[in-house]
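[1] Predicted coordinates and the sequence they were generated for:
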Amino acid sequence: GEEQGADPNMSAEALGEAARFTHERNKDPEKAGEIFRAAIHKMPTHSQMLGQAATFFYRVDHDDVSGRKYFEQALEKLPAGSKDKPGAGKDRYEVLLQYARFLHDECNSDEEAGGHLRECITINPSDTRAIGFYAKLLHEHFGDIGLSDRYFRQAIKIDPSNMEAILGYAKFQEDARDSYPMAEHYYQLAMKTDPTSGDALSQYAQFL
């Protein structure tokens, strides 16, 4: 059994790694699915676990039913938070952010993803992960160049080290604004911010 007082987050993460290993190395998706379901039962609102499991079930079952179900069940368990209790929505934020990434990356459901990101920004207006991601969707899916520009700048102003926002804004300047000097400026800023970033190097090389 599990040791008394053990961190349930860690045990869920360990189960997630076991499921991934079982699927990728042992080529046993049925057993991996059982491990993922056990992990979700143990920690039903663990955002990283939900993201891994939803992606796994989507790619194995070729539909998004299980992934959506687990995310929706998690959100039912989490309070939305309020101004009186600003910390109450922290876990909800993390689940919504992972849900938005799943919908965008796997399901091509950017309309829904955008709705979850808007709620994330309402819960925590200073967390730039959702702001930068939403800026990207505003440009690529909703076609709102002006608002996308504003959100990208807001994300970078709040967190100048947010690589996703910096690279997103570089791509935005290149594609939406046709401003190659500004695009180069932000690609170079990304490499200066994190010289070890493979994403920054490869995207800058493609730009050149």
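    Nice, thanks for sending it over.
[2] Helices of the chain, residue ranges please.
    Listed in chain order, the helices of the chain (DSSP state H) span 8-24, 29-42, 47-61, 65-77, 90-105, 110-123, 128-140, 145-158, 163-175, 180-193, 198-207.
[3] which stretch in these has the least confidence?
    Of all these, mean pLDDT reaches its minimum on helix 8-24 (a mean of 72).
[4] Tell me, how many residues neighbour the nearest residue to residue 105 once chain neighbours are set aside?
    In space, residue 105 comes closest to residue 55 once its chain neighbours are excluded; the distance is 7.6 Å by C-beta to C-beta, 6 or more residues apart in numbering. The C-beta positions use only the backbone N, C-alpha and C, and glycine is treated the same way. Applying the criterion other C-beta atoms under 10 Å, we find 17 residues in the vicinity of residue 55.
[5] try residue 136
    Other residues within reach of residue 136, judged by other C-beta under 10 Å, total 23.
[6] Next: residue 28.
    Residue 28: 15 surrounding residues under other C-beta under 10 Å.
[7] nearest residue to residue 101 other than its sequence neighbours?
    Using C-beta to C-beta, 6+ apart, the closest residue to residue 101 is residue 51 (6.5 Å).
[8] The one you found: neighbour count?
    23.
[9] now residue 131
    Using other C-beta under 10 Å, residue 131 has 26 other residues around it.
[10] i'd like the first residue to be 21 from this point on
    Understood, numbering begins at 21; the last thing we discussed is residue 151.
[11] Distance check, the residue nearest to it when sequence neighbours are not counted against residue 99.
    The shortest distance from residue 151 to any non-neighbouring residue, by C-beta to C-beta, 6+ apart, is to residue 175 (4.2 Å). Counting by C-beta to C-beta, to the nearest Å, the separation of residue 175 from residue 99 is 26 Å.
[12] now swap in residue 58 and tell me
    To residue 99, residue 58 is 26 Å away according to C-beta to C-beta.
[13] ok, the two, which is more surrounded?
    With neighbours defined as other C-beta under 10 Å, residue 58 and residue 99 compare such that residue 58 has more, 13 against 10.
[14] For that one, which residues are in contact?
    Contact partners of residue 58, counting by C-beta atoms under 8 Å, 6 or more residues apart in numbering, are residue 35.
[15] circling back: spit out the contact partners of the residue nearest to residue 151.
    For residue 175, the contacting residues are 148, 151, 152, 155, 182, 185, by C-beta under 8 Å, 6+ apart.
[16] among these, which two are most distant?
    Considering C-beta to C-beta, no two members of those lie farther apart than 155 and 182, which are separated by 10.5 Å.
[17] Between those two, tell me which one has more neighbours.
    Between residue 155 and residue 182, counted using other C-beta under 10 Å, the more crowded position is residue 155 (28 against 22).
[18] And for the more buried one, nearest residue in space, chain neighbours not counted?
    In space, residue 155 comes closest to residue 171 once its chain neighbours are excluded; the distance is 3.6 Å by C-beta to C-beta, 6+ apart.
[19] That neighbour - how many residues pack around it?
    If you count neighbours by other C-beta under 10 Å, residue 171 ends up with 28.
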